[in-house]
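1. fold the following, please.
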Amino acid sequence: MRGEDTSLGSLRVIEPGALTTVQDLGRPGWAHLGVPRAGALDRPAAALANRLVGNPESAAVLETTMTGFSFSVERAVLLAVTGAGCELRVGDRAAPTAEPVSAPAGATVRIGPARVGVRSYLAVAGGIAVSPVLGSRSTDTLAWIGPPAVRRGDLLPLGPGGGAQVVGVDAPGSQRPADRVLRLYPGPRADWVTDLSALHGRRLRVGEASNRVGVRLEGAPLPRAQQRELASEGIVLGAVQLPPSGDPVVFLNDHPTTGGYPVIAVVHPDDLPVCAQVRPGEELTLRLL
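-> Numbering: from 1, shown residues only. Here you go, the predicted structure:
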């Protein structure tokens, strides 16, 4: 990216894919100023990728979306790809995902399209060292705070880190509930629907308009008990908002900080990574706690 310090080496973007962004743990604490938190949607996957290459979990990674990503490296690097199931190639050889992989200087690395899931995470030893904004290197796709989406030809600077193999074994942390299940707590406006318990066990389809702002759920509109509208209220990560259509929206990391539709439930934090990897057309099962 323009104006960045690439003296420690960089990645040169060949094909950016549908949407590739820089993400770290996000910038919580700015909601009172209208700034979304951003950050990796599948936080456990991003954290695992960083651990595999010896980075702190706060290091910036690249989050790809569906169609893959390719780049070349100026210096030898240690990298790892986690998250959505995909093919990884370093030069002309296949490489494993969810393991540390060495790429020699000048190599071309290709992350293939997601076969299962939506988002893959690329960590490189030293981290992606773009300039932080409000304490974070994350791209927010709602207000476009932070670095812009990655484009063809961009040079992404790297922090200090070698290409040596990390010694040790790592694996994903505690297992999440069964895939495509969202556990819900009743929200502050649960009384705005005629029967919140009707959500329990309901299977809803993920809509095509889903993105980093939120997952739109379709298939069985939920009737409202109140037809009037609210003044804007604060919204938290995982809030389930009910617009007049009756189709719920689960807000993710780039969500607006306020909204005028009732928040009828809130997703259990451990289930939010499920929202990062569910594809449009697939179904989610809701369970009330």
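2. surely residue 228 is in a strand?
-> No. Going by DSSP: H, G, I helix; E, B strand; the rest coil, the assignment for residue 228 is coil, not a strand.
3. count the neighbours of it for me.
-> 6 (other CB atoms under 10 Å). C-beta here means a position set from N, CA and C on the backbone, and glycine is covered the same way.
4. from residue 262, how far off is it?
-> Noted for residue 228: a distance of 10 Å to residue 262, by CB to CB, to the nearest Å.
5. before we move on, what about residue 245?
-> 13 Å.
6. what does residue 289 give?
-> From residue 289 to residue 262 the distance is 19 Å (CB to CB).
7. looking at the two, which is more packed in?
-> residue 262 (23 against 10).
8. just checking, that one touches residue 243?
-> No. Here residue 262 lies out of contact with residue 243, judged by CB atoms under 8 Å, at a distance of 9.1 Å.
9. residue contacts, residue 65?
-> 17-20, 118-119 (CB atoms under 8 Å, 6 or more residues apart in numbering).
10. repeat for residue 124
-> 11, 53, 61, 77-79, 158, 161.
11. if you rank the residues you listed by neighbours, which is first?
-> In these, the most neighbours by other CB under 10 Å go to residue 61, 32 neighbours.
12. which ones are touching it?
-> Contacts of residue 61 (CB under 8 Å, 6+ apart): 22-24, 40, 46, 49-50, 121-124, 127-128.
13. mind checking how far residue 264 is from residue 204?
-> Relative to residue 204, and taking CB to CB, residue 264 is found at 13 Å.
14. also residue 130?
-> The gap separating residue 130 from residue 204 is 37 Å, by CB to CB.
15. give me the pLDDT for the closest residue in space to residue 216 that isn't next to it in sequence.
-> Once flanking residues are discounted, residue 216 sits nearest to residue 207: 3.6 Å by CB to CB, 6 or more residues apart in numbering. pLDDT, residue 207: 96.
16. likewise for the one 5 residues further on?
-> Per-residue confidence at residue 212 stands at 98 (pLDDT).
17. number of nearby residues for it?
-> Counted with other CB under 10 Å, residue 212 comes out at 24.
18. residue contacts, it?
-> Here residue 212 is in contact with 41, 141-142, 252-254 (criterion: CB under 8 Å, 6+ apart).
19. show me the chain divided up by domain.
-> 10-157, 181-288 (automatic domain parsing).
20. make CSV out of those domains and add distance to residue 1.
-> CSV is the format used below for these (distance: least, CB to CB, whole Å):
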stretch, distance to residue 1
domain 10-157, 5
domain 181-288, 19
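21. can you say which of these is packed in most?
-> domain 10-157 (a mean of 20; mean count of other CB atoms under 10 Å).
22. re the thing from before, show me the contacts of residue 61 that map onto strands.
-> 22-23, 121-124 (DSSP state E).
23. thanks again, I'm all set now.
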